[in-house]
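Student: Below are the sequence and a predicted model; questions follow.
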Amino acid sequence: MKVNKKGLIVAAFLTIVLAVIVIYSKGFEQVLYRFFSSKNEEGSRTLLAVYFFEHLWMVLLSSLIAIVLGTSIGIFITTSYGREFKELLLKTVNLGQAFPSPALLALAVPILGYGIKGALIALVIYILMPIVYNVVIGIEEVPKDIVDAAKGMGMSEVEVYRKVKIPLALNVILGGIRTALVINISATTLAATVGAGGLGVLVVNGVKTFDMVLILEGVIPVTLLAIIVELLLKTLQQRLIWNA
Amino acid sequence: MINIEHVTKKYGDFIAVNDLSLTVESSEFLVILGPSGCGKSTLLRLINKMIERNDGVVMINGENIDDLKGVELRKTIGYVIQNIGLFPHMNVHKNIATVPRLLKWKEDTIDQRVADMLTLVGLEPSTYKDKKPAQLSGGEAQRIGVARAMASDPAILLMDEPFGAVDPINRLRLQKEFRKIQRKLKKTVVFVTHDTDEALLLADRICIMNKGEIVQVDSPENIVLHPKNDFVKDFFKEEGILTILSRKPAVDYAEPIEVDENPLHKDATMRDVLLKMLTTGQDRVSLSNGSISWDALLQIAGSDVHESE
């Protein structure tokens, strides 16, 4: 089993960089002011750390919900019971992704009001598609002969999933989760527009006031976080799959 | 014993198996032979309820299979398919242990059983148990497939062209080994193939199917020598007789007449005798326990030859 050591080292390094930025955010602002002009020299009024942890919390929560929901839907529509709902559910999930995400958030406000609830629901809907699709593709790609042999030996449908289909589809399933999480980290910046906070607040305020420093103060941690998560999940994926 | 009575399976308007009745005796090696699309695989999968019948009854040892859940029934019947379907994410040990695990056997009983099974199919347990299917040759994978199907010691084995994907040399070796194992363990085997040589070599009885119906069920000798109709005759052509000869050990037919020459090796078949006659021109071949004449060979190959003279 070979593990992507290089990826882990890069991830560790980037995590240190991110931690330094979040902890010494005032210093980080000063560095940015050296390269970019800004109308006000005070930087963000709220600490970067507050926005960062709001952001992280929203990503974690929405990802968790989307992973549980997405894999459940994906597995359900590949079973003999859920097959008839497959077309309908895939189209619905597709719609969630096709719908422009700012509009999705805007629609959540009148229904759920301002704040984190609306943002979470919009994010879950938005990242459901890659998860569901990869679960379906991964399971349907398991060779028919192998499934046939498993059934022929007396495995129940649950056992076929638990012992054969899911382990063999795991690589593709984890690939979908990885994509979803990376999309989620950047999409969560939009949560600021419905008052749910997060690093998007800096970006939105920066764009409004043409303040490059504020924009970068939001964008750099978001990007670093996305890269770190991508690298870590890739390593995890390599560890978990059977033909590593 | 398997009793199949008036079984019908339809796919829409297509009748895959049509009002078919067949009995497989205990410890019998029955080969179902027929062209592709004749319903032979469907018939096999009706026995372990991989597919449901439209009509008719299937009894296994006097018990109606409808009284059992498919999942429970299948745990008691070995099943081997053409592409084996070994689980690529499990090593050989775990593959063979599949059904014992489903039956919740104790771990040390399973370990012993896996080792026994590997030995039975001619593979060294310590070398093979930790290998992944991707590290096996086609012949080895096929042996593991057979070992896996027999791991829980089922009385019945259903095999759907199990040696179809193996190269000819390995196939013959696997066929002979498997026949020996089947005789030793007295398994009831229902074996589907479209390969006439394979059928003649392995079968106690051959069931020839066409268009969802049985054309003839008989011993290999009778099928070759007394085909019921042109369909059966065309299916075997003339070479069937050679395979029949290769099933017969020459020593069983020896006449107590000593001939002054080197005898054929003691595992020689009647086919080897024929070959020796053809290549040397002699009409009597020496064996370890006597000899055999051209006339005797003709008689074994089918008394018809003499009657028609």
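Tutor: Structure's in. What do you need? Residues are numbered from 1 along each chain as shown, chains lettered A, B, ... in the order given.

Student: following the helix-or-strand element of chain A with minimal mean pLDDT, which helix or strand comes up?
Tutor: None of the helices or strands of chain A scores lower by mean pLDDT, DSSP states H and E than helix A:101-112, at a mean of 79. Downstream of helix A:101-112, the first helix or strand assigned by DSSP states H and E is helix A:116-140.

Student: list the buried ones in that following helix?
Tutor: By 16 or more other CB atoms under 10 Å in any protein chain shown, the buried positions in helix A:116-140 come out as A:116, A:118-139. Just so you know, the C-beta spots here come from the backbone N, C-alpha and C atoms, and that holds for glycine as well.

Student: List of residues touching stretch B:109-129?
Tutor: Stretch B:109-129 is contacted by residues B:91-93, B:96-97, B:100-101, B:105, B:136, B:140, B:143-144, B:146-148, B:150-151, B:177, B:181 when judged by CB atoms under 8 Å, 6 or more residues apart in numbering or on different chains.

Student: if you skip the residues just before and after it, what's nearest to B:Leu202?
Tutor: Excluding the flanking residues, the one nearest B:Leu202 by CB to CB, 6 or more residues apart in numbering or on different chains is B:Arg179, at 5.5 Å.

Student: residues touching that neighbour, list them.
Tutor: Contact analysis of B:Arg179 by CB under 8 Å, 6+ apart lists B:29, B:201-202.

Student: Let's see if you can find the most crowded of those.
Tutor: Neighbour counts for these, by other CB atoms under 10 Å in any protein chain shown, peak at B:Leu202, which reaches 24 neighbours.

Student: separation between that one and B:Gly85?
Tutor: 21 Å (CB to CB, to the nearest Å).

Student: hey, which helix or strand in chain B has the poorest pLDDT?
Tutor: Using mean pLDDT, DSSP H and E, helix B:304-307 stands out as the lowest-scoring helix or strand of chain B, at a mean of 44.

Student: follow-up on the earlier one: out of the contacts of B:Arg179, who's nearest B:Pro162?
Tutor: B:Pro162 lies nearest to B:Leu202 out of the contacts of B:Arg179, by CB to CB, at 10.6 Å.

Student: pretty sure the closest one is touching B:Phe191, no?
Tutor: Yes: B:Leu202 is in contact with B:Phe191 according to CB atoms under 8 Å; the separation is 6.4 Å.

Student: anything in contact with each of these two?
Tutor: Common neighbours of B:Leu202 and B:Phe191 (CB under 8 Å, 6+ apart) are B:29, B:31.

Student: Quick check: pLDDT value at the residue nearest to B:Leu202.
Tutor: With respect to pLDDT, B:Arg179 scores 91.

Student: Which helix or strand contains it?
Tutor: Using DSSP H and E, B:Arg179 sits within helix B:168-185.

Student: Quick one: name whatever helix or strand follows that helix.
Tutor: strand B:188-193.

Student: count of neighbours near the residue nearest to A:Ile241 when sequence neighbours are not counted?
Tutor: Closest residue to A:Ile241 apart from its sequence neighbours, by CB to CB, 6+ apart: A:Asn171 at 4.3 Å. Using other CB under 10 Å, the number of residues around A:Asn171 comes to 17.

Student: Kindly report the same for B:Asn64.
Tutor: A total of 11 residues lie near B:Asn64 under the criterion other CB under 10 Å.

Student: Kindly report the same for A:Ile183.
Tutor: A:Ile183 has 18 neighbours, counted by other CB under 10 Å.

Student: Residue 26: which element?
Tutor: Since you didn't name a chain, this refers to chain A. Judged by DSSP H and E, A:Lys26 forms part of helix A:25-35.

Student: nope, chain B please
Tutor: Applying DSSP H and E, one finds B:Ser26 in no helix or strand.

Student: Good, wrapping up.
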